[in-house]
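>>> Quick one: sequence plus predicted model below, questions after.
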Amino acid sequence: MSVAELKKKFIDIYGGSEEDLRVFASPGRVNLIGEHTDYNGGYVFPAALTVRTTIVARKRNDKLIRLAVTDLPDRPVIDITKIDQYKNLRWGNYQAGVIDEFMKAGYEIVGCDLLYDDTVPHGSGLSSSAANEVSTAIMLATFSNEARGINEPLDLVEIAKICQRAENNYVGVKCGIMDQFTSAMGKKDHAMLLNCKTLEYRFVPLDLKGHHIVIANTNKKHRLGESKYNGRRSECEKGFEILKKYIPNATCLCDITKDQFEQYAHHIEDEVIRNRVKHVIYENARVLRSVDALSNGDLIEFGKLMNASHDSLRDLYEVTGVELDTLVEEARKIDGVVGSRMTGAGFGGCTVNIVREDAIGDFIREVGLAYEKKIGYPASFYISEIGSGGGEIFE
């Protein structure tokens, strides 16, 4: 929906006029390479998308936050004095988690009526949850600052941290910082090299030399809190504790180099845990090599590294599955595809593909036909644009 349509929808639900409505938005993201490295203190290479969560908001004079969304009938009402009661909401628990963490951080929460509209496909691995969290957080921080008479730019790094804590502590998904950081801080036509241990980052221009990013959605939805995501994190922690005995200066798994891993890997007797650790350490190195390749204009090398990333996620980390693997296998058959890999946590969701412009039609047609024939239902495809991070919209 357009902003104008959303405002009309808001009035249909809550009444009143449009004069006091405010609009906030924050995007989903695609991770080009660097999967399951973020919560291990490593590097990632994401970019913000133009699909987003948009919120139309109006302040209230009480302690209630009323929620509505354009694609569900749910109308939860959150009493901020009883914030612990909303963890099991079908929809609205992510917002409640952000409210909870803002109160813990000392912000004054302003009651409000809210209408959400999401264009990030849910369960796609493009981080609809972070888009929801960050847009909510930007709105809450803006209203809180106004209530306290503070007139200064929002601290978007702090907002990303608060949103991560909300997902970790309230929702129960032990995610890293990448999704929230990218949603808050993204830059149009750039990817971001982010060190998830230090939060140091730099933007890298995305010059794909006549190619485009095409996202293929398996349409198999995942829910991280119900998946094996937390189990993978636990396996990494176990592997790190073993390696730390021999590499005491390491503070996280991604402090460990490939050479160090090869030297001490035999101490990890459990093959599954050893494989998880190997993926993370080698993937971390691939991110830095990928940024160098793009910076040097070597798109072919970048594609090879994308392919190696997917193969590692399939064989060592075991988070792909037949749907994602089918999309990648079929993509690699198409002339003009430079690289293809799953993106996001896995267990469903999307692949990210670098496709030559004149091959996009063939890619969508041939991969789509092969996928539906094998899986039994269609995939969806998006030619992706790289957008900016979250903020208030003035239209």
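Okay, I see it.

>>> From now on I want contacts and neighbour counts done on CA atoms only, so please keep to that.
OK.

>>> count of neighbours near Ala105?
By other Cα atoms under 10 Å, the residues close to Ala105 number 10.

>>> Show the subsequent helix or strand relative to the longest strand anywhere in the chain.
Identified as the longest strand of the chain according to DSSP state E is strand 46-59. Later in the chain than strand 46-59, the nearest helix or strand by DSSP states H and E is strand 64-69.

>>> what about dumping the CA coordinates of that following strand to CSV?
Extracted in CSV, the C-alpha atoms of strand 64-69 (Å, rounded to 0.1, in the frame of the first residue of the first chain):
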residue,chain,number,x,y,z
LEU,A,64,-1.8,1.6,25.9
ILE,A,65,-0.2,0.7,22.5
ARG,A,66,-2.8,-0.6,20.1
LEU,A,67,-1.6,-2.6,17.1
ALA,A,68,-3.1,-3.4,13.7
VAL,A,69,-1.6,-4.8,10.5
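
>>> same for it, what does it pack against?
The contact analysis (3 or more Cα pairs under 8 Å, 6 or more residues apart in numbering; DSSP states H and E) places strand 64-69 against strand 77-79, strand 112-118.

>>> what are the pairing partners of it, and which direction each?
Strand 64-69 has the following sheet partners, assigned by DSSP bridges: strand 77-79 (antiparallel), strand 112-118 (parallel).

>>> ranking the ones you listed by burial, who's on top?
By mean neighbour count, with neighbours taken as mean count of other Cα atoms under 10 Å, strand 112-118 ranks first of these at a mean of 22.

>>> before we move on, back to that, run the chain-centre distance for the longest strand of the chain.
Strand 46-59 sits 13 Å away from the centroid of its parent chain (Cα atoms, centre = their mean, to the nearest Å).

>>> Let me see the ranges of the strands in the stretch 251-395 of the chain.
Secondary structure of the stretch 251-395 of the chain (DSSP state E, counting those that start in this stretch): strands at 337-343, 350-356, 380-383, 391-393.

>>> For Ala265, find the nearest of the ones you listed.
Across these, Ala265 has its closest neighbour in strand 337-343 (26.2 Å, Cα to Cα).

>>> tell me which residues of that closest one are tucked away?
Within strand 337-343, the residues that count as buried by 16 or more other Cα atoms under 10 Å are Val337, Val338, Gly339, Ser340, Arg341, Met342, Thr343.

>>> Which residue comes closest to the last one once chain neighbours are left out?
This points to Thr343. Nearest non-adjacent residue to Thr343, counting by Cα to Cα, 6 or more residues apart in numbering: Thr351, 5.3 Å away.

>>> With the second one instead?
Among residues not flanking Val338 along the chain, Gly303 sits closest, at 4.9 Å (Cα to Cα, 6+ apart).

>>> same thing with Glu18?
Glu18's closest residue in space is Lys7 (Cα to Cα, 6+ apart), at 6.7 Å.

>>> Count the neighbours of that neighbour for me.
Lys7, neighbours per other Cα under 10 Å, totals 21.

>>> any idea which element it lies in?
Using DSSP H and E, Lys7 maps to helix 3-14.

>>> What average pLDDT does that helix get?
For helix 3-14, mean pLDDT is 97.

>>> Mind checking the strands of the stretch 251-395 of the chain for the one nearest to Leu288?
Using Cα to Cα, the strands of the stretch 251-395 of the chain put strand 337-343 closest to Leu288, at 16.6 Å.

>>> by how many degrees do the closest one and strand 46-59 diverge?
50 degrees (axes from the mean of the first three to the mean of the last three Cα atoms, to 10 degrees).

>>> Remind me what strand 337-343 packs against, helices and strands.
Against strand 337-343 (3+ Cα pairs under 8 Å, 6+ apart) you get helix 299-315, helix 322-331, strand 350-356.

>>> Kindly recompute the last result at 6 Å.
With contacts taken as 3 or more Cα pairs under 6 Å, 6 or more residues apart in numbering; DSSP states H and E, strand 337-343 sits against helix 299-315, strand 350-356.
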